[in-house]
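Engineer: Turn this into a model:
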Amino acid sequence: MQDSNQFAGRFLGVLGGMGPLAGATFVNRLVLLTPATSDQHHIPAILWNDPRVPGRPAAFLHQGEDPLPWMLNGIRHLEQAGAQAIAIPCNTAHLWFDAMQAHTRLPILHIVDAVIANLRDSGITDGRVGLLATGATLASQLYQTALTANGYECVVPESDEIERWCTAPIGLVKENRLDDAQEALTPGVAALHGRGVQAVILGCTELPLALPLARRTWDMPIVDSIDALARAAIAWYFDSSLAPYSPSN
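Structural biologist: Numbers count the residues shown, from 1 in each chain. As a prediction, the model looks like this:
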């Protein structure tokens, strides 16, 4: 008779669906960025990709349904499936980070911490950095507070530019109009580059989908929040300081 413990292990839970292409792309990038030499060296992952979660920007502005019960439902399913940590490839969802963390014993990897680590790994340890994100993420100061605390000056679009450079391309990605999204996003990155930033953070997980790696041709780092979170997940998985997995952990 087979020992069921042979199937146990350290699984990453991915709370996706916000949007669904971002969740799917995160898992793809997790695979591509993992330093593996065979199938068995990759990271076991469980993707909960539920696109029915109410819109996070509208909820933050008190203009839509609360997404927290839906996100907690996803976390419960990931717990039941055996996840040992959770990554959430949606920046605006992190406005509910504390509430989600309070409802689970599992560590939730914070996307802003991951982005700041990625900035440092790119050689940008201080100075001016640009930020493109949803209007709700920008209004919440989610990134600005953390960046300032870590020695950065955050440059964000003017209020009339947010719609053109952030809201529009994000919406186009959700419609699967990726070429149109790229056309809308590119002037925003170029404008921030022209304002003297040393890097631009794509602080919504739809934005990296609008600007593929091959099209990031500026002479500065483009910090991709999907890739940053994937790198944080990889670091978590291979962290030798963590206790070995056991069913009681």
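
Engineer: Go ahead and flag the most central residue of the chain.
Structural biologist: Per Cα atoms, centre = their mean, the C-alpha nearest to the average position across the chain is that of residue 89, at 3.6 Å.

Engineer: for residue 46, phi and psi?
Structural biologist: Per-residue torsions, residue 46: phi -120, psi 120 (degrees, to the nearest 10).

Engineer: Can you name the residues bridging to it?
Structural biologist: Residue 46 has these beta-bridge partners by DSSP bridges: residue 13.

Engineer: Let me see the mean pLDDT of stretch 67-79.
Structural biologist: Averaging the model's pLDDT scores along stretch 67-79 yields 98.

Engineer: can I have that stretch written out in PDB, keeping just the CAs?
Structural biologist: Presented in PDB, the C-alpha positions along stretch 67-79 are these (Å, rounded to 0.1, in the frame of the first residue of the first chain):
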ATOM      1  CA  PRO A  67     -14.200  41.500  -2.700                       C
ATOM      2  CA  LEU A  68     -12.900  40.300   0.700                       C
ATOM      3  CA  PRO A  69     -15.400  37.400   1.200                       C
ATOM      4  CA  TRP A  70     -14.500  36.100  -2.300                       C
ATOM      5  CA  MET A  71     -10.800  36.400  -1.600                       C
ATOM      6  CA  LEU A  72     -11.200  34.600   1.700                       C
ATOM      7  CA  ASN A  73     -13.200  31.900   0.000                       C
ATOM      8  CA  GLY A  74     -10.200  31.400  -2.400                       C
ATOM      9  CA  ILE A  75      -7.800  31.300   0.500                       C
ATOM     10  CA  ARG A  76      -9.900  28.700   2.200                       C
ATOM     11  CA  HIS A  77      -9.800  26.500  -0.900                       C
ATOM     12  CA  LEU A  78      -6.100  26.900  -1.200                       C
ATOM     13  CA  GLU A  79      -5.600  25.900   2.500                       C
END
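
Engineer: hmm, who's touching that stretch?
Structural biologist: With Cβ atoms under 8 Å, 6 or more residues apart in numbering as the test, stretch 67-79 has contacts from 13-15, 17-18, 46, 48, 50, 52-56, 59, 86, 88, 93, 96, 99-100, 103-104, 106. C-beta here means a position set from N, CA and C on the backbone, and glycine is covered the same way.
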